[in-house]
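Engineer: give the three-dimensional model of this entry:
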Amino acid sequence: MFRFVYLKPFPLLCALVVLGGCSEYAFHGKAPIADSQAPETTVEEPEAPQDVSLPQPPVGQVLAPVEPCAEDVLHTKLFDIEFPERDGCGWDQGENLGPVDSYIRAVESDSVSIQLGPDEVLCDLRVEFSTEEGGLSFPLQYDDQLLFSFNDRVVFSSDERLVDEFRVDANGLPVFDWLAIRDMEMWFNNTTPWAVGTGYTLELPGHATAGDAVIAIDPVAISGLASAAEESSEVVMSLHALGDNDPTDCGHTGMSFWIELDIGTRE
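Structural biologist: Residues are numbered from 1 along each chain as shown. Predicted coordinates:
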């Protein structure tokens, strides 16, 4: 006849060998859990797998898609933008430092501002130097380095190494920051120009050399710049010239182009 025998709770290892006894299995560690309650087991939800099917663009090349404005509130404005010729650095003025050979010591920035109405928002834009418009070709000379920005987002630079020093915003656009490049070593030769987006043509004459400039940037990248003005009441374009120590530094021969803005009503 089968005989029921009551056994006290054993450590887990002993429970596996009830019939063989526990004397030959040493139990080290914490005392057995009280026999009034079994330990709870927590199972964590596995993380959802990330979508890696699409290639990830490099930093500074991520452009957020622009949501088009409603057709019934959209209107377009065309502007002619001109940056006149200039030269000379304001040494030891503002955040500029004194002249030192081969170091970025001063910047001079010329800006053009377009004011938006209190209830207006920038929806999209087109510029003359877009590949869609055939690009822009013009004579240019600058000294020592040159950058162009749209609401502080760098559109092109005469040296890609400068852009590497800037932070990027939530949309992956590099944000111009004078203090991030101030007092860096200045490169005059073997520089590689940089522009926003992945499909562009950017040919700039070398440092302090007169020549022809060619700027042609992908229209998708241009359109993505509208994200920089989402929370702003104005559109600001700036041409920044850098210098180290010469009287003609922080200079350029100017640049002009047209820009077309699609403007909608802010919700």
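Engineer: the longest helix in this structure is where?
Structural biologist: Criterion DSSP state H: the longest helix present in the chain is helix 219-224.
Engineer: list the contacts of that helix.
Structural biologist: Residues outside helix 219-224 that contact it (CB atoms under 8 Å, 6 or more residues apart in numbering) are 63-66, 124-127, 130-133, 171, 173, 195-200. (Each C-beta comes from the backbone N, C-alpha and C, glycine too.)
Engineer: go through the helix or strand following that helix and flag the buried ones.
Structural biologist: Moving toward the C-terminus from helix 219-224, the next helix or strand (DSSP states H and E) is strand 234-243. Residues of strand 234-243 classed as buried: 235-243 (neighbour count, 16 or more other CB atoms under 10 Å).
Engineer: can you map out the strands along the stretch 101-250 of the chain?
Structural biologist: 106-115, 120-127, 136-140, 142-143, 145-150, 153-157, 194-195, 200-203, 211-217, 234-243 (DSSP state E, counting those that start in this stretch).
Engineer: tell me which of those strands lies nearest to Lys77.
Structural biologist: Evaluated over the strands of the stretch 101-250 of the chain, closeness to Lys77 peaks at strand 106-115, with 8.0 Å, by CB to CB.
Engineer: what pairs with that closest one, and is each one parallel or antiparallel?
Structural biologist: strand 234-243 (antiparallel) (DSSP bridges).
Engineer: which helix or strand lies directly C-terminal to the partner strand?
Structural biologist: strand 251-252.
Engineer: right, and the helix or strand after that next one?
Structural biologist: Next element after strand 251-252 (DSSP H and E): strand 255-265.
Engineer: keeping just the C-alphas, turn that next one into CSV.
Structural biologist: Taking C-alpha atoms only, strand 255-265 is exported to CSV below (Å, rounded to 0.1, in the frame of the first residue of the first chain):
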residue,chain,number,x,y,z
MET,A,255,27.2,86.7,-53.3
SER,A,256,23.7,87.2,-54.6
PHE,A,257,20.8,84.9,-55.4
TRP,A,258,17.0,84.7,-55.3
ILE,A,259,15.0,82.7,-52.7
GLU,A,260,11.3,81.8,-52.9
LEU,A,261,9.4,81.1,-49.7
ASP,A,262,6.1,79.1,-49.3
ILE,A,263,4.4,80.6,-46.3
GLY,A,264,1.4,79.3,-44.5
THR,A,265,-0.7,80.1,-41.5
